[in-house]
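Visitor: quick one: sequence plus predicted model below, questions after.
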Amino acid sequence: MAPKTIVAKFASTCPSCSHRINVGDSVIWSRGEKAKHIACPQGAAAATTPTVDAGHVGVVDGRLSVLVQVVKALDLEPGAYGVARLHVLRSTAGHVFVWRASRERLDVGDVVTLDGTVKRHDEYRGVSQTVLTRCRVSAKHSATVFIDAQQATVVPDVRGTSAAMHRGPAAHMAQQTAEPVGESAQEPTEPTEQPMTLAEECGF
């Protein structure tokens with residue numbers, strides 16, 4: 001079905017820029033897709049696009065909790081556990097995470113607090129990626145929460161160093177422990193995978 005221009009009947013979030021769509025706004029819509037702005041607000045795309053490699057997060061087998069936004073979601077080939085979805089996510093500090101989920105299905109633009117285990121540290125096209133497993137979504141947020149937390153995350157001081165500001169949702173940023181998670185973890189163990197760069201499966 002070809003995209004069409006309609007008037008929004010419900011408030012939502014634009015998956016292209018993560019800014020709010022209000023009731024009455026003119027949007028582009030097609031069946032099975034989220035409504036998008038006809039023209040996203042100026043500078044909106046820059047708010048979620050990293051300019052430098054933010055590096056890895058956490059230690060392998062350690063747990064972390066982080067506020068992230070889904071920047072890419074791809075359904076993989078069906079397997080023994082059904083159709084898995086590969087999520088590429090970004091934190092407010094620009095860290096990139098990859099999560100392959102068999103049960104949870106997030107969409108591009110979704111903002112969540114994600115609790116998970118660091119499976120390994122990868123790199124794809126010069127960008128560091130933290131691969132997560134045994135994840136669960138502990139909270140869902142609006143896009144404005146992510147933008148506000150992004151703006152409040154790091155403020156450079158006059159000596160060129162940085163001081164983290166944890167205000168409101170930003171407190172969810174990388175609350176990590178270094179304790180390894182063993183087989184006794186309460187969350188279900190996902191099927192064993194061969195080592196690979198997951199982002200290559202979705203062309204990120």
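Guide: Noted; the coordinates are in hand.
Visitor: now His56, what's its secondary structure?
Guide: Secondary structure for His56, judged by DSSP: H, G, I helix; E, B strand; the rest coil, is coil.
Visitor: which stretches in the protein count as strands?
Guide: Under the criterion DSSP state E, strands of the chain are mapped to 4-7, 12-13, 20-21, 26-29, 36-37, 63-75, 85-91, 96-101, 111-124, 127-141, 154-156, 162-164.
Visitor: looking at the ones you listed, which is closest to Val57?
Guide: Shortest distance between Val57 and the strands of the chain, using C-beta to C-beta, is found for strand 127-141: 4.7 Å. (Glycine included, C-beta is placed from N, CA and C.)
Visitor: quick check: neighbours of the closest one in the sheet, parallel or antiparallel?
Guide: In the sheet, strand 127-141 lines up against strand 96-101 (parallel), strand 111-124 (antiparallel) (DSSP bridges).
Visitor: so for Pro188, what's the pLDDT?
Guide: Looking at Pro188, its pLDDT reads 46.
Visitor: dump the strands of the chain to CSV, plus mean pLDDT.
Guide: Listed next are those as CSV, based on pLDDT from 0 to 100:
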stretch, mean pLDDT
strand 4-7, 85
strand 12-13, 78
strand 20-21, 78
strand 26-29, 84
strand 36-37, 82
strand 63-75, 93
strand 85-91, 94
strand 96-101, 95
strand 111-124, 95
strand 127-141, 95
strand 154-156, 44
strand 162-164, 40
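Visitor: of all the strands paired with strand 127-141, which lies closest to Val7?
Guide: strand 111-124 (25.0 Å).
Visitor: which parts of this protein belong to which domain?
Guide: Following the assignment in automatic domain parsing, the chain carries domains at 4-40, 63-176.
Visitor: buried deepest among these, which one?
Guide: Ranked by mean neighbour count, the domains of the chain are led by domain 63-176 with a mean of 18 (mean count of other C-beta atoms under 10 Å).
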